[in-house]
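**Student:** next comes the sequence, and after it the predicted model I'd like to discuss.
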Amino acid sequence: MPRALLFAAVLALTFLASCAASRLVAQQSNPDYVGKSFKSVMVVAVTSDQMIRRTYEDRVVALLGKRGVKGIPAYSLFGSRGQVEEAELREAIARSGAEGVLITRVTHVDQSSTYVSGATVTMGYGGVGMYGYYGGTWQTVDTAPQKITGPTWTLSETRLFDAKSGVLAWSGVVDTRKSDNAGEALTDYVNIIFDAMVGDRVL
């Protein structure tokens with residue numbers, strides 16, 4: 001992936017807050033977890049923008065609470081830090097008592113032209129299992145000043161894991177189109193993901 005795309009992708013979860021017209025384009029549930037809702041879930045938004053991270057995690061936690069599920073925002077355990085080591089993540093999950101871990105990240109950005117200065121950023125690639133998926137979403141990339149394209153739409157992925165075994169319980173992919181409706185866009189996005197998990201009976 002070109003560096004311009006890497007830079008745009010790490011910012012893309014932030015851009016979801018200024019996008020609208022989200023739609024679920026793919027979803028899959030693990031039959032072993034259908035009808036067996038988690039009683040507590042840690043919510044992790046992979047983004048360097050702390051305001052978006054906290055807003056996203058808080059809104060998912062609020063929806064979980066309405067269904068009687070205890071939600072735990074990751075920022076309450078790690079503060080404003082970005083990636084944490086696997087051992088620390090394991091310890092935090094165990095300490096929190098979470099039965100499930102919900103991780104959201106952006107996987108692709110389509111763009112329109114804009115200019116950005118050089119920076120050191122992180123980018124998600126994914127991995128195998130819960131810890132591989134979490135750890136693989138961070139990689140340092142140095143970018144020179146360049147003309148890149150700002151997102152016109154993004155693809156983002158949410159995965160729900162069994163906190164104890166690391167087994168994938170559910171995954172969903174959302175296509176979010178750019179628009180001027182910034183006020184309710186993030187709420188709309190969260191509701192789509194949450195409703196899909198409820199509909200698939202994993203929450």
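**Tutor:** In hand now; what should we look at? Fair warning: this is a prediction, and the values are worked out from it, not measured in the lab.
**Student:** what does the lengthiest helix in the chain rub up against?
**Tutor:** Across the chain, the longest stretch assigned as helix under DSSP state H is helix 50-66. For helix 50-66, the surrounding residues in contact (CB atoms under 8 Å, 6 or more residues apart in numbering) are 13-14, 16-17, 41, 43-45, 47, 70-75, 80, 102, 104, 186-187, 190-191, 193-194, 203. All C-beta atoms are positioned from the backbone trio N, CA, C, and that covers glycine.
**Student:** could I get the full set of helices for the protein?
**Tutor:** Using DSSP H, helices in the chain cover 3-15, 50-66, 75-78, 86-96, 129-135, 185-199.
**Student:** okay, these, which one's buried deepest?
**Tutor:** helix 3-15 (a mean of 22; mean count of other CB atoms under 10 Å).
**Student:** point out where this structure drops to low pLDDT.
**Tutor:** The model of the chain has pLDDT under 70 over residues 1-20, 82, 109-153, 178-184.
**Student:** the same query, at a cut-off of 80, please.
**Tutor:** The chain contains residues with pLDDT under 80 at 1-21, 48-49, 79-85, 106-155, 176-186.
**Student:** can you give me the buried ones in stretch 160-173?
**Tutor:** 160-163, 166, 168-173 (16 or more other CB atoms under 10 Å).
**Student:** got it, and stretch 79-86?
**Tutor:** 83-84.
**Student:** need the CA coordinates for that stretch. CSV is fine.
**Tutor:** Output in CSV follows, covering the C-alpha atoms of stretch 79-86 (Å, rounded to 0.1, in the frame of the first residue of the first chain):
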residue,chain,number,x,y,z
GLY,A,79,-5.8,6.3,29.1
SER,A,80,-4.5,8.2,26.0
ARG,A,81,-1.9,5.6,25.1
GLY,A,82,-2.1,4.0,21.7
GLN,A,83,-0.9,0.5,21.2
VAL,A,84,-0.1,-1.6,24.3
GLU,A,85,1.9,-4.8,24.4
GLU,A,86,0.0,-8.1,24.3
